[in-house]
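Q: Got a predicted model here, sequence first, then my questions.
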Amino acid sequence: MRATAALVETPGGPFTLHDVEIDEPRPDEILVRITAAGICHTDLTMRRAWPQQRLPMIFGHEGTGVVEAVGARISSVAPGDTVCLSYRSCGNCPECSSNNRPYCERSDLNTRGGRSDAVKKTYSGFFGQSSFATYALTHESNTVKIPADFPPALAAPLGCGVQTGAGTVINVLEAGPGDTLVIFGAGSVGLSAVMAAAVQGATVFAVDPIPERRDLARELGAAEALDPATPDLVKALRALTEGGAQHAIDTTGRPDAIEHAIGSLRRRGTLALVGMGGSAGFDIMTVMANGIRIRGVIEGDADPATFIPQLIDMKLPLEKIVTEYPFADIETAAQDAIAGRTIKPVLLMDR
């Protein structure tokens, strides 16, 4: 069958729309008609680093849509179901068997580009979906049935960005009433964490250089939001949190933000790292003497099958962070995200 897909044809090149031919689903696959797809910074980072020999490639890993057809071994969804798409996991390795699916030993299922023959003359299968297309082939592990009346533009980000931010607060830090939390970076992941922390009853503070994002963080429940250029930022955060926060989340991957996050914690506090980055340095004695825990987090430690419905039930004001774009404007949406002009761009396929 025919589909329209946004291809990346050179490393770091733009998204361009092309007609492609897509396979019928294999016995363990699901064919989904995509109605909306969020753009995540992971998509933008990976298109810069993707090897030429695995191009052209279809990215996209925050899809939502309607099931069109299912393979013979699929029982969790049926044609006509509305679904949200997330990361893929094997379901069989020790991590999956112990309910730690984000740390599946087959992480290559998400990052290698899938099987090259699913979409003719094109690589696909990114995060088990490649949802920058009007149709995608998905799998039971990353396809979650959701209410048919839930808005597609709000459903799409649940599969990664919202799941990561909210899941880190709820599943990893277990922040609640009486806890203080500092979030570095008020993008889609950081603001999802702000929303979840507010719902959980924690006192949350945000740090971001963009004034409009600081204002939005306050609107979404942050007690205060600071510019990272604030003089003596760590001192200011420790004063606001009355001696240091129990928890911190870094969504930026920036070494300076990570250093500030460690400094903002009280004794035996926990720093969750969710932002993509390279290497970062910190004072070992500060971490040791204060019993600080540093925890890497993937996808908010969430199992999509149970956590995405939980996110829908939370009724987070996701419309505050979403900006809608027609699918044809995908490169404009990507550039707006890179420039910080939009927080969570979401592509609508039917416009």
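A: Sure thing, it's come through. Numbering: from 1, shown residues only.
Q: Could you report the neighbour count for residue 147?
A: By other CB atoms under 10 Å, the residues close to residue 147 number 9. (Glycine included, C-beta is placed from N, CA and C.)
Q: Three-state assignment for the closest residue to residue 213 other than its chain neighbours, please.
A: Closest residue to residue 213 apart from its sequence neighbours, by CB to CB, 6 or more residues apart in numbering: residue 186 at 4.0 Å. Here residue 186 is coil, with the state taken from DSSP: H, G, I helix; E, B strand; the rest coil.
Q: confidence score at residue 186?
A: We have a pLDDT of 98 for residue 186.
Q: Please apply the same query to the one 5 residues further on.
A: The predicted local confidence for residue 191 comes out at a pLDDT of 98.
Q: contacting residues for it?
A: Taking CB atoms under 8 Å, 6 or more residues apart in numbering, we find residue 191 in contact with 165, 206, 213, 216-217, 220, 320-321, 343.
Q: Ok, residue 223 next?
A: By CB under 8 Å, 6+ apart, the contact set of residue 223 is 203-205, 240.
Q: Tell me where this protein has helices.
A: Taking DSSP state H, the helices of the chain run over residues 41-49, 94-97, 108-111, 152-155, 161-167, 188-200, 211-219, 233-240, 255-264, 284-289, 304-314, 330-339.
Q: Indicate which one of those helices is closest to residue 249.
A: Evaluated over those, closeness to residue 249 peaks at helix 188-200, with 5.5 Å, by CB to CB.
Q: can you give me the offset of that closest one from its chain's centre?
A: Distance of helix 188-200 from the chain centroid (CA atoms, centre = their mean, to the nearest Å) equals 13 Å.
Q: Now do that helix against helix 41-49, angle only.
A: Angle of helix 188-200 versus helix 41-49, following axes from the mean of the first three to the mean of the last three CA atoms, to 10 degrees, is 160 degrees.
Q: returning to that earlier point: closest one to residue 301 out of the contacts of residue 191, please.
A: residue 165 (12.0 Å).
Q: how many neighbours does the closest one have?
A: For residue 165, the number of neighbouring residues by other CB under 10 Å comes to 30.
Q: With residue 271 instead?
A: When counting by other CB under 10 Å, one arrives at 24 neighbours for residue 271.
Q: May I have the residues that are in contact with it?
A: Shown in contact with residue 271 (CB under 8 Å, 6+ apart): 247-250, 258, 261-262, 265, 292-295.
Q: ditto for residue 327
A: Counted by CB under 8 Å, 6+ apart, residue 327 has contacts 4, 6, 17, 37, 134, 347-349, 351.
Q: Then residue 95?
A: 101, 103-105 are the contacts of residue 95 under CB under 8 Å, 6+ apart.
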